[in-house]
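# Please find the sequence and the predicted model below.
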Amino acid sequence: MTISQQIQQIKTEIPPNVRLIAVTKQVSPASIRQAYEMGIRDLAENRLQEALEKQEQLKDLSDICWHFIGHLQTNKAKKALENFPWIHSVDSLKLAQKLAILAENSNISPKICLQVKPLKDDNKYGWTIDELWQDVPELERLKSLKTAGLMTILPLSLSQEETFNAFKTIQALKTKINDQSTLSLTELSMGMSGDYPLAIQAGSTMIRLGRILFGESVNP
């Protein structure tokens, strides 16, 4: 199927309250333009330099909303803050505090998601659930940040039941944080090409799709 056909098919499967974010790592500007012609306005990158180059090449598409979804080093936080309305991968208190200082000093404040690991996974960044609860009081103090939701990337090779249960764990965590803190989380950034239907069933509001839109040669 072509990119246009894939996007048309996926759109029929997604409820109107779920935001489709096209992950464009290793995707050419020409292919991105095809996605744009099919109505895609949310693009995500996980490498800052590659993202900035594409933003320059696509600057005529002024209504694109850029999302950063990769691990972000604190020394690159300023560049990310200046160029991404959304940062999904805030994976530590240290990074959140750095972004808060930058946001306060620059009067620029992207919406962020806190990256959480519902299952043990040494290959992923992010808080465990227990670690996040320990840091919630400090996160509440970061008034210059627009903390919008939670983000997760699950371990590979889970069963469908394990995948769904992990997503439901994140959904329940969002509810509990809203009930027991001053944070007001509205978004769940969860679900990729291999598991997005389960993520939607579990309450995801933002799915991040790459391979299923652009082909097997690119990211998942």
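Noted; the coordinates are in hand.
# ok, now which ones touch residue 126?
Residues near residue 126 by C-beta atoms under 8 Å, 6 or more residues apart in numbering: 89, 91, 114, 115, 116, 117, 151, 152, 153. For glycine as for every other residue, the C-beta is placed from the backbone atoms N, C-alpha and C.
# which one of those residues has the most neighbours?
Counting neighbours by other C-beta atoms under 10 Å, residue 114 comes out on top of the contacts of residue 126 with 30 neighbours.
# outside of the helix or strand where that residue lies, which residues touch it?
Assigned by DSSP states H and E, residue 114 falls within strand 111-117. Identification of contacts with strand 111-117 by C-beta under 8 Å, 6+ apart yields 85-91, 96, 99, 124-129, 132, 139, 145-153, 170, 173, 187, 189.
# Of those residues, which belong to helices?
If you go by DSSP state H, the contacts of strand 111-117 have 96, 99, 129, 132, 139, 170, 173 in helices.
# Which pLDDT value does the model give the fifth one?
With respect to pLDDT, residue 139 scores 98.
# Equivalent analysis for residue 215, please.
The confidence metric pLDDT takes the value 85 at residue 215.
# All further residue positions should be reported with the first residue as 38.
Renumbered: residue one is now 38, and that last one reads residue 252.
# so what's it closest to, chain neighbours aside?
Sequence neighbours aside, residue 40 is the residue nearest to residue 252 in space, at 7.7 Å (criterion: C-beta to C-beta, 6 or more residues apart in numbering).
# quick revisit: which of the ones in helices among the contacts of strand 148-154 sits closest to residue 85?
The nearest member of these to residue 85, counting by C-beta to C-beta, is residue 136 at 13.9 Å.
# in what helix or strand does the residue nearest to the closest one when sequence neighbours are not counted lie?
Spatial nearest neighbour of residue 136, chain neighbours left out: residue 114 (5.5 Å); criterion: C-beta to C-beta, 6+ apart. In this structure, residue 114 sits in helix 114-120 according to DSSP H and E.
# can you list the residues that contact that helix?
With C-beta under 8 Å, 6+ apart as the contact definition, helix 114-120 has outside contacts at 85, 88-89, 92, 103, 105, 109, 124, 132, 135-136, 139-140, 143, 145, 147.
# now do 10 Å
The contact list for helix 114-120 (C-beta atoms under 10 Å, 6 or more residues apart in numbering) reads 82, 85-86, 88-89, 92, 103, 105, 107, 109-110, 124, 126-127, 131-140, 142-143, 145-147, 149.
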